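Student: Got a sequence here, can you model it:
(one chain, ligands or ions: 1)
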Amino acid sequence: MAYEAIWAADPSKINKFELVKLEKDGLDVIRTIIEKYAHEGYDSITPEDMDRFKWAGVYQQKPKDGHFMMRVRINSGIMTSDQARAMADIARDYGRNLVDVTTRQAIQFHWLRVEHLPDIFKRLEAVGLYSYEACGDCPRTVVGNPLAGIDKDELMDTTELVNQVNDFFLMNRDFSNLPRKYKMSISSNIYNSGHAEIQCLAFTPATKVIDGVDVIGFHAWVGGGLSAKPHLAKQLDLFVKPEDVLKVAIGVTTIYRDHGYREKRHHARLKFLVADWGPEKFKEKLIELIGDMPARGEDKIAGWKAAYFDGVHPQKQEGLNYIGLSVPVGRLDSDELTELARIADEYGDRTIRTTVSQNIILSGVPTEKVGAALAEKVFERLTPNPSHFMSRTVSCTGNEFCNLAVVETKQRAVLVAEYLDANVELDEEVRIHFIGCPNACGQKHIADIGLQGALVKTPEGMVDAFDIAVGGILGPGAQFNQVLKGRVKGDNVGPVLAQLILYYKENRSEDETFNQF
Ligand code: SF4
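Tutor: Next up is the predicted model:
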């Protein structure tokens with residue numbers, strides 16, 4: 001039975017946002033923006049359509065005064081220099097020069113107005129990019145290995161698989177009304193660069209001997225996700241050949257669409273269905289839909305490097321290198337992005353790659369050109385040799401632009417990283433993530449030190465504060481971090497973290513790392 005029929009049979013089983021989606025498909029708002037709202041202006045937008053703007057990849061920006069933020073999907077985080085230039089121009093012309101790299105490898109603009117949106121959609125489409133369904137209750141940006149095709153640590157190049165899955169789901173009206181957001185990753189990197197365990201559906205590298213032949217493929221994981229109730233994805237007992245990845249993605253998404261919960265929005269993610277069914281029942285349902293598949297093979301995840309690539313590294317192609325750049329809290333400006341596009345053309349392979357750690361990689365640089373490339377001025381700030389703590393600090397948007405935020409995050413994160421760099425010496429990197437509310441866009445739960453914003457009452461009034469959690473990790477032994485007792489005022493976060501890290505440094509045993517402490 002189609003999902004509309006299921007809900008029609010018992011309307012009490014759906015929340016009121018489901019009615020908005022049934023009344024008009026989220027994707028229809030794109031045409032309404034172009035034909036109506038862009039001409040009639042911000043005040044003409046109905047509340048229901050304002051909710052549907054997410055399907056266009058657009059959210060209202062704080063303080064809801066007519067400005068919007070937009071996310072642009074970048075498959076595997078790999079874009080051409082022309083695409084990067086087009087986005088830098090959009091930020092320059094409409095977005096006050098701001099360009100943010102998100103934790104899903106997307107590019108995010110701010111300060112847009114509704115009358116600008118048709119031109120922005122057109123400019124993006126002209127270079128093969130889309131903001132559509134980068135937000136909303138639909139399949140979002142497909143995350144992948146940013147080094148796909150050039151990676152010494154991948155079993156296979158996953159670029160085309162990510163494109164294939166993206167192209168199938170993008171603007172596909174069979175899947176544009178899911179219970180809530182839906183996140184996929186496909187990576188063949190042995191260090192889990194797609195952060196598999198926190199995705200609704202993820203594919204990680206695996207091998208299996210089939211009919212005497214060693215086949216490279218994937219293991220499939222379902223039901224991961226963060227927010228207030230974080231879940232680690234569960235591995236299904238399946239070996240997925242590359243040619244079957246799309247089939248599995250369609251099957252899992254169909255199960256979510258038709259059986260995912262729609263009664264309470266906070267309970268609508270795939271992770272709750274997987275937790276209730278368990279991976280065995282989920283696999284049975286999947287096999288019913290897509291037919292039998294081989295059982296699990298040999299897992300090829302060797303560890304987790306948290307998608308950090310800073311420095312100059314050899315590619316799998318002899319004589320070529322990639323340069324991992326640090327982008328402090330994921331923020332750069334349009335001139336810097338234009339410069340990176342020029343440098344990618346002049347020294348590299350004309351691509352720019354974004355990472356889920358909010359950083360950027362330039363690739364295809366011949367060894368003899370590395371020295372000249374590194375002398376470019378833009379690398380003074382976006383450096384391949386970042387300072388210790390700044391290099392591993394991630395932040396969500398926070399209350400500068402986000403209506404759900406309780407506190408400011410990005411500036412605070414920079415101040416804390418600068419404080420730690422000035423005051424703490426440590427021989428290992430500590431990943432520090434800031435989020436402004438429980439929605440966890442900054443992926444606080446997987447950080448060595450995760451900070452979640454809250455407010456505390458003081459004699460001077462309510463002030464920004466943070467709950468601190470320690471010990472998050474993905475890969476073998478994956479676990480979310482544990483919240484420590486107490487709440488720290490925003491201005492004290494730097495000194496408190498310095499004490500925490502020094503305590504660790506003095507008390508750790510040999511070979512112990514921060515997340516094992
Ligand atoms: Fe906004 Fe919360 Fe997401 Fe931060 S974590 S960007 S505050 S919704």
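
Student: Only C-alpha atoms from now on, for both contacts and neighbour counts.
Tutor: Will do.

Student: which residue is nearest the centroid of the chain?
Tutor: Centroid check for the chain by Cα atoms, centre = their mean gives residue 104 as the closest residue, at 1.8 Å.

Student: In contact with that one: list those residues for me.
Tutor: Going by Cα atoms under 8 Å, 6 or more residues apart in numbering, residue 104 touches 141-143, 355-356.

Student: And for residue 192?
Tutor: Residue 192 neighbours (Cα under 8 Å, 6+ apart): 204, 301, 303-307, 475.

Student: Closest to residue 41 out of those?
Tutor: Nearest to residue 41, judged by Cα to Cα, of the contacts of residue 192 is residue 307 at 41.0 Å.

Student: Give me the nearest residue to the closest one, chain neighbours excluded.
Tutor: Nearest residue to residue 307 in three dimensions, chain neighbours excluded: residue 193, at 4.9 Å (Cα to Cα, 6 or more residues apart in numbering).

Student: How much space separates residue 199 from the ligand?
Tutor: As for residue 199, its distance to the ligand is 16 Å (criterion: Cα to the nearest ligand atom, to the nearest Å).

Student: Equivalent analysis for residue 273, please.
Tutor: 23 Å.

Student: Helix or strand: which one has that residue?
Tutor: Counting by DSSP states H and E, the element that carries residue 273 is helix 270-290.

Student: Mind listing the strands the next helix or strand after that helix pairs with, and their directions?
Tutor: Next along the chain after helix 270-290, taking DSSP H and E as the criterion, comes strand 298-299. If you go by DSSP bridges, strand 298-299 pairs up with strand 201-210 (antiparallel).

Student: number of nearby residues for residue 100?
Tutor: By other Cα atoms under 10 Å, 23 other residues sit near residue 100.

Student: So it is in contact with residue 327, correct?
Tutor: No. Using Cα atoms under 8 Å, residue 100 makes no contact with residue 327, being 9.3 Å away.

Student: Give me the below-cutoff pLDDT ranges for the stretch 301-450 of the chain.
Tutor: By pLDDT under 70, the stretch 301-450 of the chain has no low-scoring segment.

Student: Tell me both backbone torsions, phi and psi, for the residue nearest to the centre of the chain.
Tutor: phi -120, psi 30 (degrees, to the nearest 10).

Student: hmm, back to that, now, of the contacts of residue 104, which are buried?
Tutor: Burial by neighbour count, 16 or more other Cα atoms under 10 Å: within the contacts of residue 104 this picks out 141-143, 355-356.

Student: Let me have the residues you listed in CSV, extended by secondary structure.
Tutor: CSV is the format used below for the buried ones among the contacts of residue 104 (DSSP: H, G, I helix; E, B strand; the rest coil):
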residue, secondary structure
141, coil
142, coil
143, strand
355, coil
356, coil
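
Student: of all these, which comes closest to the ligand?
Tutor: Nearest to the ligand, judged by Cα to the nearest ligand atom, of the buried ones among the contacts of residue 104 is residue 356 at 14.5 Å.

Student: which residues sit in contact with that closest one?
Tutor: For residue 356, the contact set (Cα under 8 Å, 6+ apart) comprises 102-105, 193-194, 307.

Student: so which of the residues you listed are also by the ligand?
Tutor: Applying Cα under 6 Å from any ligand atom to those, one finds that nothing falls near the ligand.

Student: Sitting in helices, which of these do you find?
Tutor: Per DSSP state H, helices hold no members of the contacts of residue 356.

Student: where do the helices sit along the stretch 101-250 of the chain?
Tutor: For the stretch 101-250 of the chain, the helices defined by DSSP state H, counting those that start in this stretch cover 117-126, 159-169, 245-259.

Student: So for residue 486, which of these sits nearest?
Tutor: Checking the helices of the stretch 101-250 of the chain against residue 486 by Cα to Cα gives helix 245-259 as the closest, at 37.8 Å.

Student: between the closest one and strand 201-210, how many degrees?
Tutor: With axes from the mean of the first three to the mean of the last three Cα atoms, to 10 degrees applied, the angle from helix 245-259 to strand 201-210 works out at 130 degrees.

Student: what residues does helix 245-259 touch?
Tutor: Helix 245-259 has contacts (Cα under 8 Å, 6+ apart) with 2-3, 161, 164-165, 175, 177-179, 201, 240, 270, 273, 285-286, 289-290.

Student: Generate a PyMOL selection restricted to the buried subset of those residues.
Tutor: Selection of buried members from the contacts of helix 245-259 for PyMOL, criterion 16+ other Cα under 10 Å:
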select buried, resi 3+161+165+175+177+178+179+201+240+270+273+285+286+289
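
Student: Give me the mean pLDDT for stretch 95-112.
Tutor: Summarised as a single mean, pLDDT over stretch 95-112 is 98.

Student: mind listing what's buried in it?
Tutor: For stretch 95-112, a neighbour-count test (16+ other Cα under 10 Å) marks 95, 97-112 as buried.

Student: which parts of the protein sit against the ligand?
Tutor: Within the chain, the positions lying close to the ligand (Cα under 6 Å from any ligand atom) are 396-398, 402, 404-405, 435-442.

Student: Give the burial count for residue 247, as a bare number.
Tutor: 16.

Student: just the helices in the stretch 301-450 of the chain please.
Tutor: Assigned by DSSP H, counting those that start in this stretch, the helices in the stretch 301-450 of the chain fall at 334-347, 367-374, 410-423.

Student: burial of the residue nearest to residue 307, as a residue count?
Tutor: Quick note: residue 193 (other Cα under 10 Å) scores 29 neighbours.

Student: Then residue 230?
Tutor: Residues within reach of residue 230, counting by other Cα under 10 Å, total 16.

Student: And for residue 319?
Tutor: Residues near residue 319, counting by other Cα under 10 Å: 12.

Student: Is it correct that it is in contact with residue 363?
Tutor: No. Taking contacts as Cα under 8 Å, residue 319 lies outside contact range of residue 363: 11.7 Å.

Student: residues in contact with residue 169?
Tutor: Contacts of residue 169 (Cα under 8 Å, 6+ apart): 139, 175.

Student: now it: how far from the ligand?
Tutor: Counting by Cα to the nearest ligand atom, the gap from residue 169 to the ligand is 24 Å.

Student: How about the secondary structure of the residue nearest to residue 108 when sequence neighbours are not counted?
Tutor: Once flanking residues are discounted, residue 108 sits nearest to residue 71: 4.4 Å by Cα to Cα, 6+ apart. Residue 71 falls in the strand class when you classify it by three-state DSSP.

Student: tally of neighbours for residue 71?
Tutor: Using other Cα under 10 Å, residue 71 has 27 other residues around it.

Student: pretty sure it is in contact with residue 134, am I right?
Tutor: Yes. Look at residue 71 against residue 134 with Cα under 8 Å: they come within range, at 5.9 Å.

Student: Now list whatever residues contact both of these two.
Tutor: Contact with both residue 71 and residue 134 is made by residues residue 57, according to Cα under 8 Å, 6+ apart.

Student: about what we covered before: and the residues of the chain next to the ligand, which are buried?
Tutor: 396-398, 402, 405, 435-442.

Student: ok so, going back, out of the helices of the stretch 301-450 of the chain, the one nearest residue 208 is which?
Tutor: Per Cα to Cα, nearest to residue 208 of those: helix 367-374, 36.1 Å.

Student: Remind me what that closest one packs against, helices and strands.
Tutor: strand 320-325, helix 334-347 (3 or more Cα pairs under 8 Å, 6 or more residues apart in numbering; DSSP states H and E).
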